[in-house]
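Trainee: have a look at this fold, sequence not included:
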């Protein structure tokens, strides 16, 4: 019996878009360019980093900005043993939840460490800035351990 | 329709070429905050949120309902996204209305938006697909041949579209929210503008706008605010495929059926006589005479005569003004454009339309169409509680 040929064709679809950050996310990104980390205060008093435009509880517009520290505490992490090309770091690293000093929530970013054994909840970390800061989240090149645990 | 529903709050942004100062969430919130103030309510008083926008590829935002839940005060509440191409603004209002009419919700927030300045609507409209004809024409290129067929059948003079283009821009000059402000526009200027898709000239086409429109729709026993409510007297949607052999594209059946349904609900037998004004989706000038016929305001082949007589012009004292706000020809944030028609109809019967108010308007129609003129959404709102 003759095999049936199924007609198919791949195709690619792509468009270009623009995004405006608005006053809150824009302030955070502008802060990064100046090597400062800006959060904002929610209706329940918590300092949120990165800042959010609208309160997660009341939906009110949030406009009280708070600068937080470059150092913080490691809350949790996931170790990446074999980084792939798209990953931000070439050597094994951690995706980490870091609560910066002065913030009440953790933010996710990459964390450089000699190995997973060097990590522990509560470990102190600090920002490692990119050589050139341009207002992107990648201005924070990564976090690094303040001292090995 | 079990429960009676009414529009009690309306909020719109100013429509502009570009709103680079706000995020999409921020743009929506301008309209939402104004609608809540207009209704005299807060987020806590809202039971459900309905959001509509144009197809995802236009802006590259997939699942806006997820990204915008906190900005729309939808956390902990039912939220639903509506999706019917260009008619989505009208459909979103109708879905919100039916949430209330069903008796399940007392007060629903409906919101629609588009940031055309950050989008790619022109090319995302006509995506090439394998094994299919590629109509790389944009909306104007798609509708122009249908308009030419209307002209052939009706014998309408060449300048009907020019007349509409001027009329709606003069209306828009009365509306401070309208994107295009062309108070001195002339027929000569429209005629001299570049021919884009014969017979549509540049000034016979809608602009690309950023903007948002929101409404609060309440049950009869939950009406709030200081302004009179706009009672929803009838609402309907109809759909048909884009293309099939023998499809009546000049006056689509879905449009005729949708209008007949809405008129029957609202007790309208002669739309031109019974309605005081209408906000009809006219993104290209010639769609005014075409929809005048499709919606039964004029007999077949007669729509252009109403336009030429000034019947649809507020400035000419016409008996059935169409698009007093300036219509889509003045402002076109695509996802919101249909809802703006519905909201502007409601503003008229609330007596709250400012300098484009039709004096004494008691009954008005809002209309939206989308896709290849295949999705239709319409409502009739009235000052009188039925």
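Mentor: In hand now; what should we look at? Keep in mind the model is a prediction, meaning the values are calculated, not measured.

Trainee: chain B contacts on chain A?
Mentor: Residues of chain A found near chain B (Cβ under 8 Å from any Cβ of the partner chain) are A:7-11, A:13, A:15-25, A:52-59, A:61. Where you see a C-beta, it was placed from the backbone N, CA and C, and this is true even at glycine.

Trainee: quick one: name whatever helix or strand follows the helix or strand hosting residue B:10.
Mentor: Here residue B:10 sits within strand B:5-12, counting by DSSP states H and E. Counting by DSSP H and E, the next helix or strand C-terminal to strand B:5-12 is helix B:24-39.

Trainee: hmm, that next one in reach of chain A?
Mentor: Yes: Helix B:24-39 reaches chain A (Cβ under 8 Å from any Cβ) through B:25, B:26, B:29.

Trainee: between these, which sits nearest residue B:12?
Mentor: Proximity of the residues of helix B:24-39 next to chain A to residue B:12 (Cβ to Cβ) peaks at residue B:29, which lies at 12.6 Å.

Trainee: check whether that closest one really touches residue A:61, as I assumed.
Mentor: Yes: in this structure residue B:29 lies within contact range of residue A:61 using Cβ atoms under 8 Å: 6.8 Å.

Trainee: comparing these two, which residue is more hemmed in?
Mentor: residue B:29 (28 against 15; other Cβ atoms under 10 Å in any protein chain shown).

Trainee: so can I have CSV of the residues of helix B:24-39 next to chain A showing pLDDT?
Mentor: Shown next, in CSV, are the residues of helix B:24-39 next to chain A (pLDDT from 0 to 100):
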residue, pLDDT
B:25, 96
B:26, 97
B:29, 97
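
Trainee: from the residues of chain A next to chain B, list the buried ones, please.
Mentor: Among the residues of chain A next to chain B, the ones that count as buried by 16 or more other Cβ atoms under 10 Å in any protein chain shown are A:20-25, A:52-56, A:58-59.

Trainee: could I get those residues as JSON lines with secondary structure, pLDDT and distance to residue B:369?
Mentor: Listed next are those as JSON lines, based on DSSP: H, G, I helix; E, B strand; the rest coil; pLDDT from 0 to 100; distance: Cβ to Cβ, whole Å:
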{"residue": "A:20", "secondary structure": "coil", "pLDDT": "94", "distance to residue B:369": "30"}
{"residue": "A:21", "secondary structure": "coil", "pLDDT": "94", "distance to residue B:369": "34"}
{"residue": "A:22", "secondary structure": "helix", "pLDDT": "96", "distance to residue B:369": "32"}
{"residue": "A:23", "secondary structure": "helix", "pLDDT": "96", "distance to residue B:369": "36"}
{"residue": "A:24", "secondary structure": "helix", "pLDDT": "97", "distance to residue B:369": "37"}
{"residue": "A:25", "secondary structure": "helix", "pLDDT": "96", "distance to residue B:369": "36"}
{"residue": "A:52", "secondary structure": "coil", "pLDDT": "96", "distance to residue B:369": "37"}
{"residue": "A:53", "secondary structure": "coil", "pLDDT": "96", "distance to residue B:369": "33"}
{"residue": "A:54", "secondary structure": "strand", "pLDDT": "96", "distance to residue B:369": "33"}
{"residue": "A:55", "secondary structure": "coil", "pLDDT": "95", "distance to residue B:369": "38"}
{"residue": "A:56", "secondary structure": "coil", "pLDDT": "92", "distance to residue B:369": "38"}
{"residue": "A:58", "secondary structure": "coil", "pLDDT": "93", "distance to residue B:369": "38"}
{"residue": "A:59", "secondary structure": "coil", "pLDDT": "95", "distance to residue B:369": "33"}
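
Trainee: farthest-separated two in those residues?
Mentor: Among those, A:20 and A:58 lie farthest apart (Cβ to Cβ), at 24.4 Å.

Trainee: where does chain A have low pLDDT?
Mentor: Residue ranges of chain A with pLDDT under 70: A:1, A:148-149.

Trainee: 50 instead, please
Mentor: A:149 (pLDDT under 50).

Trainee: show me the beta-bridge partners of the residue positioned nearest the centre of it.
Mentor: Taking Cα atoms, centre = their mean as the criterion, residue A:109 is the residue nearest the geometric centre of chain A, at 3.8 Å. Taking DSSP bridges, one obtains residue A:96 as the residues bridged to residue A:109.

Trainee: surely it and residue A:143 touch.
Mentor: Yes: the pair residue A:109 / residue A:143 is scored as a contact, 5.9 Å apart, by Cβ under 8 Å.

Trainee: now do the shared contacts for these two.
Mentor: A:96, A:98 (Cβ atoms under 8 Å, 6 or more residues apart in numbering or on different chains).

Trainee: residues touching residue B:208, list them.
Mentor: Applying Cβ under 8 Å, 6+ apart to residue B:208 gives the contacts B:17, B:116, B:117, B:121, B:332.

Trainee: got it, and residue A:137?
Mentor: Contacts of residue A:137 (Cβ under 8 Å, 6+ apart): A:29, A:32, A:109.

Trainee: relative to residue B:71, how far out is it?
Mentor: According to Cβ to Cβ, to the nearest Å, residue A:137 stands 20 Å off from residue B:71.

Trainee: give me the three-state assignment for the most centrally placed residue in chain B.
Mentor: Most central in chain B under Cα atoms, centre = their mean is residue B:338, positioned 2.5 Å from the mean C-alpha point. Secondary structure, DSSP: H, G, I helix; E, B strand; the rest coil: residue B:338 is helix.

Trainee: per-residue confidence for it?
Mentor: Per-residue pLDDT puts residue B:338 at 98.

Trainee: and if you look at the one 3 residues further on?
Mentor: Residue B:341 is assigned 98 on the pLDDT scale.

Trainee: which residue packs closest to it, ignoring adjacent ones?
Mentor: residue B:279 (3.9 Å; Cβ to Cβ, 6 or more residues apart in numbering or on different chains).

Trainee: before we move on, the earlier item: how close does the residue nearest to the centre of chain B get to residue B:253?
Mentor: 20 Å.

Trainee: got the contact list for residue B:94?
Mentor: B:235, B:236, B:237, B:377, B:379 are the contacts of residue B:94 under Cβ under 8 Å, 6+ apart.

Trainee: what sits closest to it if chain neighbours are left out?
Mentor: Per Cβ to Cβ, 6+ apart, closest to residue B:94 is residue B:235, 4.8 Å.

Trainee: the one you found reaches residue B:262, doesn't it?
Mentor: Yes: with contact defined as Cβ under 8 Å, residue B:235 and residue B:262 form a contacting pair (6.5 Å).

Trainee: shared neighbours of those two, anything?
Mentor: Shared contacts of residue B:235 and residue B:262, counting by Cβ under 8 Å, 6+ apart, come down to B:378, B:379, B:380.

Trainee: bridge partners for the second one, pull those for me.
Mentor: Beta-bridge partners of residue B:379, counted by DSSP bridges, are residue B:235, residue B:366.

Trainee: need the contact list for residue B:39.
Mentor: B:8, B:9, B:216, B:218, B:224, B:225.

Trainee: just those now: which is nearest residue B:315?
Mentor: residue B:9 (29.4 Å).

Trainee: pull the number of nearby residues for that closest one.
Mentor: Other residues lying near residue B:9 total 26 when counted by other Cβ under 10 Å.

Trainee: cool, and residue B:319?
Mentor: Counted by other Cβ under 10 Å, the residues lying close to residue B:319 total 13.

Trainee: kindly report the same for residue B:188.
Mentor: As a burial measure, residue B:188 scores 10 neighbours (other Cβ under 10 Å).

Trainee: pretty sure it belongs to a helix, no?
Mentor: Yes: counting by three-state DSSP, residue B:188 is located in a helix.

Trainee: surely residue B:277 meets residue B:318?
Mentor: No: Residue B:277 is beyond contact range of residue B:318, at 9.4 Å (criterion: Cβ under 8 Å).

Trainee: higher neighbour count, the two?
Mentor: Of the pair residue B:277 and residue B:318, residue B:277 is the one with more neighbours under other Cβ under 10 Å, namely 27 against 18.

Trainee: check the gap between that one and residue B:183 for me.
Mentor: The value you get for residue B:277 to residue B:183, if Cβ to Cβ is used, is 21 Å.
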